[in-house]
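> here is a sequence together with a model predicted from it:
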Amino acid sequence: MNAQSWDDVGMQYCVYLIMMPATNPWVRVVACLAGLLTAAPHVQAQWQVNGGPASAALGAVVGSDMERYLRALTIAGVVRPIAWGTRTLDAQTVTELLGAADVGAHPWQAPLRQATRQHLRAGTVGYGSVNSAFPWGAMDGALWQGRGLNVALGGAAIATWSRLTLVAAPSAMWAQNASFRLMPTVATGISPYADPIYGTLADVPQRMGDEAYARVDPGESSVRLRLPLVSVALSNASVGWGTGEAFPTILGPNAGGFPHLSLTTRARGLRVPYVATLHAQYLIGTLDQSRWSSVQGSTTFIDRAQSGTRRLMTGFAVSVVPALFPSIELGANRFYHSPFVSGSDRWAAWSRPLDAVFKEDIRGRSSDGDPNGDADNQLASIFARWTYPKRGLEASMEFLREDHNLDSRDLAQQPENNSAALVSLRAVLSRSAATMSVLSLEYFNGDVSPIAQVRAQGFLYEHSFLRQGHSQRGQLLGAPLGIGAIAGSRVAWERFRPTGSTRFLVQRWRTRSAPTTDFEFLSRPPNAPVSNSHDWVLDGNMSVSRFGARGSTRSIEAGLAWAGRWQLDGSKTNLYARASWSLF
């Protein structure tokens, strides 16, 4: 079993801090949690689970049923509108939103009132799943949903004191990681478990080795200090940016959290009278890779050949709600992967998200990187969201770009180069004090645009200098569709009642793509004729959650994923089932 344990240095640091003299015990707790978070790059594992109203003790965790429920309340007009593109919905924020005097009646009102009143909570979570034919699962944190049996167990303790909130939510998981037919890798000299086509450009293994796979992790742990206008947090929690739920363009819960420091405006934002309300978040942290990445050797950056097994991430998300049009939210996100260098220059890239927009303005900054730019990899998006609470409607769109344009002329002529588009529509079909049903539709298109006929076109989530791609520990940070020319669509219906929720979901993924040319030195595998240039999967499932006494929630899910083109070859059917239990 390839088990990964907590980092020895981080644990020793935690023990030392617990034993150190301190007049205030909170100092020891905060310092210990900080020590555990320093070990986080070595122990990534967490999962999003349906915890019901009682899980509001953790806030509206990205990807959870609590987050979906809160979004539905804002669309229905039960809760005053909040910015969704830069959300950080911690427990205190959820308490403020649901405790406002103008909040209307809603199905989970009574249990949510009880869950958000307590300043000290503890809980446990158990999870199990099985896949019959191939790995299948997404938006569930860093849990590896391999073929066979997958189990996880976690605990949580939440304490609030004045402006300080402490969350300790460690978790452990184990995956049987049963074998299946692997697709041959195109590149030589890399792990046979790496992505078969993009294995040298992204760390997204098709299987996590040949044995059972286990992890332990701080999970959604964080230390958060709420100041009058902003909050500061040292955290390993998942982050959600933009408007996507099934297919977040830059950041979502698919890979779980990563250790980072954040500076975030409060939920109501910074109000400029008669002009707009501003919402913003800045992140700086570290990203790690799996054992099957093509990047090996030093942890820190040395040169192009040894670019480092760890990366520095910096990002900035901002959205604006105009005073004259409070139902409209406009925003932008910018995310950087930068070399993790040694010495005092390690954090010098903190200002990358505020950097120049065009490559011509940063040309030559790196002596060992792109001669037209630098060694960093950038992703950026712009988005717009419109809500109409009187009719219970929400419509949104987002436009993603990989890398810079050369100059303003290049941007004006070909803004679609290396891009993807996301559109979504949500409607509250019915609402009363006892029930609320929501229909959501989401479509993501990251196909290669027609300009590829006259200009070399890159692909999504793969990087040529920091060769782990847009990933964390072997899973994508953004939309879980894969790498290259990808697309996906999803339709979901969910009904919330005081006793629980029921959800039906149908989705189609067009995943792994094989280039039709040798652009970026990629060639087609021998078993992939031109007509089979994409994998695609149809998936349908049903999930039911029921609430029990004293904050318990039980959830079951069952579905079928039919791969019409599996591993760029024939069809394959995967039956899967998932179950979870939580108590807060």
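All right, it came through fine.
> need the contact list for residue 117.
With contact taken as Cβ atoms under 8 Å, 6 or more residues apart in numbering, residue 117 is in contact with residue 95. Every C-beta, even on glycine, is put in place using the N, C-alpha and C of the backbone.
> mind checking how far it is from residue 170?
25 Å (Cβ to Cβ, to the nearest Å).
> likewise residue 466?
Distance, residue 466 to residue 170, using Cβ to Cβ: 29 Å.
> same question, residue 292
For residue 292 relative to residue 170 (Cβ to Cβ), the value is 25 Å.
> for residue 412, same thing?
Taking Cβ to Cβ as the measure, residue 412 falls 50 Å from residue 170.
> with residue 314 instead?
In terms of Cβ to Cβ, residue 314 sits 27 Å off from residue 170.
> how about the contacts made by residue 578?
Residue 578 neighbours (Cβ under 8 Å, 6+ apart): 127, 128, 129, 130, 543, 555, 556, 557, 558.
> need the three-state assignment for it.
Secondary structure, DSSP: H, G, I helix; E, B strand; the rest coil: residue 578 is strand.
> what bridges to it?
Counting by DSSP bridges, residue 578 is bridged to residue 129, residue 557.
> so which elements touch the helix or strand harbouring residue 553?
Assigning secondary structure by DSSP states H and E places residue 553 in strand 552-565. When contacts are defined as 3 or more Cβ pairs under 8 Å, 6 or more residues apart in numbering; DSSP states H and E, strand 552-565 sits against strand 534-547, strand 572-583.
> hmm, 10 Å instead?
Secondary-structure packing of strand 552-565 (3 or more Cβ pairs under 10 Å, 6 or more residues apart in numbering; DSSP states H and E): strand 120-131, strand 500-513, strand 534-547, strand 572-583.
> least confident of those, on average?
Lowest mean pLDDT of the helices and strands packed on strand 552-565: strand 120-131, a mean of 86.
> can I get that one as PDB, trimmed to CA atoms?
Once non-C-alpha atoms are left out, strand 120-131 reads as follows in PDB (Å, rounded to 0.1, in the frame of the first residue of the first chain):
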ATOM      1  CA  LEU A 120     -18.300  24.800  19.600                       C
ATOM      2  CA  ARG A 121     -19.200  21.800  17.500                       C
ATOM      3  CA  ALA A 122     -17.700  18.400  16.700                       C
ATOM      4  CA  GLY A 123     -18.600  15.800  14.100                       C
ATOM      5  CA  THR A 124     -17.600  12.700  12.300                       C
ATOM      6  CA  VAL A 125     -18.100  11.700   8.700                       C
ATOM      7  CA  GLY A 126     -17.900   8.300   7.000                       C
ATOM      8  CA  TYR A 127     -17.900   7.600   3.200                       C
ATOM      9  CA  GLY A 128     -17.800   4.600   1.000                       C
ATOM     10  CA  SER A 129     -18.100   4.000  -2.800                       C
ATOM     11  CA  VAL A 130     -17.600   1.400  -5.400                       C
ATOM     12  CA  ASN A 131     -16.900   1.500  -9.200                       C
END
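> how far is it from where the chain is centred?
What separates the centre of strand 120-131 from the centre of its chain is 19 Å, taken as Cα atoms, centre = their mean, to the nearest Å.
> quick check: buried residues in it?
121, 123, 125, 127, 129, 130, 131 (16 or more other Cβ atoms under 10 Å).
> angle of that strand against strand 572-583?
Compare the direction of strand 120-131 with that of strand 572-583 by axes from the mean of the first three to the mean of the last three Cα atoms, to 10 degrees and you get 160 degrees.
> ok, then the element right after strand 120-131?
Downstream of strand 120-131, the next assigned helix or strand under DSSP H and E is strand 148-161.
> packing partners of the next helix or strand along the chain from that following strand?
Under the assignment DSSP H and E, the closest C-terminal helix or strand after strand 148-161 is strand 164-168. Using 3+ Cβ pairs under 10 Å, 6+ apart, the elements in contact with strand 164-168 are helix 25-38, helix 91-98, strand 120-131, strand 148-161, strand 222-226, strand 230-235.
> for the stretch 351-500 of the chain, which residues score under the pLDDT cut-off?
The stretch 351-500 of the chain contains residues with pLDDT under 70 at 360, 363-373, 449-457.
> which residue ranges of it form helices?
With helices called from DSSP state H, counting those that start in this stretch, the stretch 351-500 of the chain shows them at 408-413.
> now stretch 287-299: buried residues?
By 16+ other Cβ under 10 Å, the buried positions in stretch 287-299 come out as 287, 288, 289, 290, 291, 292, 293, 294, 295.
> any idea which of the helices and strands packed on strand 164-168 scores lowest on pLDDT?
With a mean of 44, helix 25-38 has the lowest mean pLDDT of those.
> now the angle from whichever helix or strand comes after that one to strand 534-547?
Note on helix 25-38: by DSSP H and E, the next helix or strand toward the C-terminus is helix 65-76. Inter-element angle recorded for helix 65-76 and strand 534-547: 90 degrees (by the same axes, to 10 degrees).
> need the contact list for the closest residue to residue 235 other than its chain neighbours.
In space, residue 235 comes closest to residue 222 once its chain neighbours are excluded; the distance is 3.7 Å by Cβ to Cβ, 6 or more residues apart in numbering. Contact partners of residue 222, counting by Cβ atoms under 10 Å, 6 or more residues apart in numbering, are 33, 37, 58-59, 88, 90, 158, 165-169, 233-237, 257, 260, 262.
> let's see that with 8 Å instead.
Contact partners of residue 222, counting by Cβ under 8 Å, 6+ apart, are 33, 90, 165, 166, 167, 233, 234, 235, 236, 237.
> same question for residue 381.
Here residue 381 is in contact with 241, 242, 249, 250, 332, 333, 398, 399, 400, 401 (Cβ under 8 Å, 6+ apart).
> need those in JSON lines with distance to residue 423 and neighbour count, can you?
As requested, these are exported to JSON lines (distance: Cβ to Cβ, whole Å; neighbours: other Cβ atoms under 10 Å):
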{"residue": "241", "distance to residue 423": "17", "neighbour count": "31"}
{"residue": "242", "distance to residue 423": "12", "neighbour count": "29"}
{"residue": "249", "distance to residue 423": "11", "neighbour count": "28"}
{"residue": "250", "distance to residue 423": "16", "neighbour count": "23"}
{"residue": "332", "distance to residue 423": "17", "neighbour count": "19"}
{"residue": "333", "distance to residue 423": "17", "neighbour count": "26"}
{"residue": "398", "distance to residue 423": "8", "neighbour count": "27"}
{"residue": "399", "distance to residue 423": "10", "neighbour count": "18"}
{"residue": "400", "distance to residue 423": "12", "neighbour count": "26"}
{"residue": "401", "distance to residue 423": "16", "neighbour count": "21"}
